[in-house]
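> Mind folding the following:
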Amino acid sequence: MTEERRFHGSLDDLDAVRAAVSIPVLRKDFVVQPYQIHEARAHGADMLLLIVAALDQSALVSMLDRTESLGMTALVEVHTEQEADRALKAGAKVIGVNAAISRPWRLIGTASRESLPGCPAT
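Take a look at the predicted model:
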């Protein structure tokens with residue numbers, strides 16, 4: 001987590017993780033501006049989190065395109081079936097279901113194909 005104000009993380013933390021491991025590294029933050037994608041890449045992230053609820057559809061598409069253009073992968077977080085539909089329409093390749101937040105949609109213990117009817121099997 002690189003978010004400073006609420007979670008007391010920093011890009012220094014990302015740098016330290018990148019230096020310590022040889023596996024892919026995820027920048028977990030509230031990424032809402034394109035510069036944050038470039039920042040993530042500059043600090044060694046291979047992936048970053050995009051939260052559908054935090055972005056309108058055009059921003060989601062743009063952020064996904066920018067992420068991929070830099071050779072990174074976006075983990076696109078959804079909370080509802082409607083958000084999953086938006087993620088798929090935007091071209092998300094990796095979707096994570098956040099079941100920790102109570103919403104009207106049923107909570108999911110493990111992400112499964114049945115949980116996201118619109119998602120392809122692979």
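
> Point to the residue nearest the middle of this protein.
Leu49 (2.3 Å; CA atoms, centre = their mean).

> ok, residues contacting the helix or strand containing Leu60?
Leu60 is part of helix 57-69 when elements are defined by DSSP states H and E. Around helix 57-69, the neighbours that count as contacts under CB atoms under 8 Å, 6 or more residues apart in numbering are 31-32, 34, 37, 48, 50, 52, 55, 73-74, 76, 86-87, 89-92. For glycine as for every other residue, the C-beta is placed from the backbone atoms N, C-alpha and C.

> And that helix, what's buried?
Within helix 57-69, the residues scored as buried using 16 or more other CB atoms under 10 Å are Leu60, Val61, Met63, Leu64, Arg66, Thr67.

> likewise stretch 92-99?
Buried, per 16+ other CB under 10 Å, within stretch 92-99: Ala92, Ile95, Val97, Asn98, Ala99.

> Let me know the distance separating the spatially closest residue to Ala54 that is not a sequence neighbour from Ala16.
With sequence-adjacent residues excluded and distances taken as CB to CB, 6 or more residues apart in numbering, Ala54 is closest to Val32, at 5.6 Å. Remark: distance between Val32 and Ala16 (CB to CB, to the nearest Å) = 24 Å.

> same question, Val97
If you go by CB to CB, the gap between Val97 and Ala16 works out to 29 Å.

> Which of the three states applies to Ile95?
strand (DSSP: H, G, I helix; E, B strand; the rest coil).

> which residue ranges form the strands in this protein?
Assigned by DSSP state E, the strands in the chain fall at 26-27, 47-51, 73-78, 94-97.

> What does His43 show for phi and psi?
The phi/psi pair for His43 (degrees, to the nearest 10) reads phi -100, psi 10.

> ok, which stretches of the chain are helices?
11-20, 34-42, 57-69, 81-90 (DSSP state H).

> TSV please, covering these and showing distance to Met1.
Output for those, formatted as TSV (distance: least, CB to CB, whole Å):
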stretch	distance to Met1
helix 11-20	7
helix 34-42	12
helix 57-69	18
helix 81-90	21
